[in-house]
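[1] sequence-free structure coming up:
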């Protein structure tokens, strides 16, 4: 793979090509397989929604202001990620690194809040072993959290490559793929927030 630095014009063209070309198609196919995974977890959750085994349901354990804060943080990270891609098309290395740093910080904050929520539920006796409903809840939300953790590692790798190599074709390709991945996780969370949390407290 060539490590030649792309010019500003080449970087924008390359990012646009990757967004529409075979690399993007291949990554979209991967995202569709992930979508099937999450669809299966959502279906399982809905089936087990009332399997509380006499224990608490969502409206008894969810702290909606806390979950709303999580949601705002993740949506903001997705917005910043979008701004980072605009900076990439302009080949602005400094802004790309800042954007990746802010995206990482917001993603890490979201993951920390999710782990805090899980810890409190377990301490209160509402672990994944308490009922089928909670098992489905922890599996669905935890799988999303695991994807966020992978995304955070991905950010660190990309930021290091941007810092050391600048905008090569490989770096632009990986950054473009990451952007698709991060926005996908944001979309999945919107469904989790709506189906699991909002509908759970009704």
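    That came in fine, so what should we check first? Note that the structure is predicted; figures quoted are calculated from it, not measured.
[2] immediately after the helix or strand of the chain with the lowest mean pLDDT, which helix or strand?
    Among the helices and strands of the chain, helix 8-20 carries the lowest confidence by mean pLDDT, DSSP states H and E, at a mean of 51. Under the assignment DSSP states H and E, the closest C-terminal helix or strand after helix 8-20 is helix 22-47.
[3] Quick one: distance of that following helix to the chain centre.
    Here helix 22-47 is found 13 Å from its chain centre; the criterion is C-alpha atoms, centre = their mean, to the nearest Å.
[4] Report all helices and strands that the helix or strand following it contacts.
    Using DSSP H and E, the next helix or strand after helix 22-47 towards the C-terminus is helix 58-61. Applying 3 or more C-beta pairs under 8 Å, 6 or more residues apart in numbering; DSSP states H and E, we find helix 58-61 packed against no helix or strand. Glycine gets a C-beta too; all of them are placed from N, C-alpha and C.
[5] pull the longest helix from this structure.
    helix 132-165 (DSSP state H).
[6] Low-confidence bits of the chain, can you list those?
    1-24 (pLDDT under 70).
[7] repeat that with 50
    Filtered on pLDDT under 50, the chain yields the residue ranges 1-2, 9, 13.
[8] So residue 62 is in contact with residue 200, correct?
    Yes - Residue 62 is within contact range of residue 200, at 5.8 Å (criterion: C-beta atoms under 8 Å).
[9] Enumerate the positions of stretch 70-87 that are buried.
    70-71, 73-78, 80-81, 84-85, 87 (16 or more other C-beta atoms under 10 Å).
[10] ok, the residues you listed vs residue 46, which is closest?
    Closest to residue 46 out of the buried residues of stretch 70-87 is residue 71 (20.2 Å), distances taken as C-beta to C-beta.
[11] right, and that closest one touches residue 189 too?
    Yes - between residue 71 and residue 189 there is a contact under C-beta under 8 Å: 6.8 Å.
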